[in-house]
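Asks: Model the following, please.
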Amino acid sequence: MINKEGWLISAEKHFSPNFDQRPKNFEIKLIVIHNISLPPENFEPENVKKFFKNELDFKSHEFFQEIKNLKVSSHFLIDRTGKIYQFVSVFERAWHAGVSSFNNQENCNDFSLGIELIGSDNSSFEDNQYDSLENLIKILRNNFPKIKKENIVGHSEIAAGRKTDPGPFFDWSKIR
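Replies: Numbering: from 1, shown residues only. Next up, the predicted model:
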């Protein structure tokens with residue numbers, strides 16, 4: 001259930017400063033699925049949570065130097081156990097899609113919700129993650145009827161050539 005402020009009641013809440021207002025007259029009609037691991041292939045959620053909150057210690061790993069100037073967030077993060085974290089209200093614009101286009105409409109952050117899964121392009125996702133993702137999608141679609149099944153896409157579909165996630169191991173049949 002989503003409360004009136006746009007927060008999933010069952011999610012662990014963390015507040016990211018990396019968001020802004022959606023443009024007026026934009027309806028939420030798209031879900032973008034991503035994968036993330038920080039550093040790459042580390043499937044603990046702590047660094048991702050810190051990254052989305054601008055609290056990551058960039059000196060703690062050499063890879064973090066590559067991302068230190070990025071300001072990124074997502075609405076939701078699902079860890080390997082299926083636990084859901086939320087960083088931005090669904091009514092606000094999270095910064096997850098970057099340069100993007102869906103059905104010839106640019107700037108997907110304006111009309112989408114971002115869901116990150118702890119994982120990578122190099123490994124399978126956990127059944128717990130698919131279960132949580134499927135339940136979250138049902139809740140979001142109930143709240144935003146413009147999100148049709150064909151409007152649930154991977155980051156790679158809206159940023160082709162720039163992004164590859166959720167990657168080749170993501171099993172779309174488990175959510176479609």
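Asks: all contacts plus neighbour counts: C-alpha atoms, from now on.
Replies: Noted.
Asks: Please tell me how far Asn151 sits from Phe87.
Replies: Per C-alpha to C-alpha, to the nearest Å, Asn151 is found 22 Å from Phe87.
Asks: The two: who's more crowded?
Replies: Phe87 (24 against 15; other C-alpha atoms under 10 Å).
Asks: residues in contact with the more buried one?
Replies: Contacts for Phe87 (C-alpha atoms under 8 Å, 6 or more residues apart in numbering) come out as 13-16, 52, 73-76.
Asks: same thing but at 6 Å, please
Replies: 14-16, 75 (C-alpha atoms under 6 Å, 6 or more residues apart in numbering).
Asks: Kindly indicate the member of those residues with the most neighbours.
Replies: His75 leads these on contacts (other C-alpha under 10 Å) with 27 neighbours.
Asks: Tell me, how many residues neighbour the nearest residue to that residue once chain neighbours are set aside?
Replies: Nearest non-adjacent residue to His75, counting by C-alpha to C-alpha, 6 or more residues apart in numbering: Val88, 4.8 Å away. Using other C-alpha under 10 Å, Val88 is surrounded by 27 other residues.
Asks: hang on, His34 is in a strand, isn't it?
Replies: Yes - counting by DSSP: H, G, I helix; E, B strand; the rest coil, His34 is located in a strand.
Asks: So it versus Gly154, what's the distance?
Replies: 6 Å.
Asks: Out of the contacts of Phe87, flag the one nearest to Arg141.
Replies: His75 (14.6 Å; C-alpha to C-alpha).
Asks: can you pull the contacts of that closest one?
Replies: His75 touches 86-88, 114, counting by C-alpha under 6 Å, 6+ apart.
Asks: Kindly recompute the last result at 10 Å.
Replies: 7-8, 15-16, 19, 52, 85-96, 112-116 (C-alpha atoms under 10 Å, 6 or more residues apart in numbering).
Asks: So for it, what pLDDT did the model give?
Replies: pLDDT for His75: 98.
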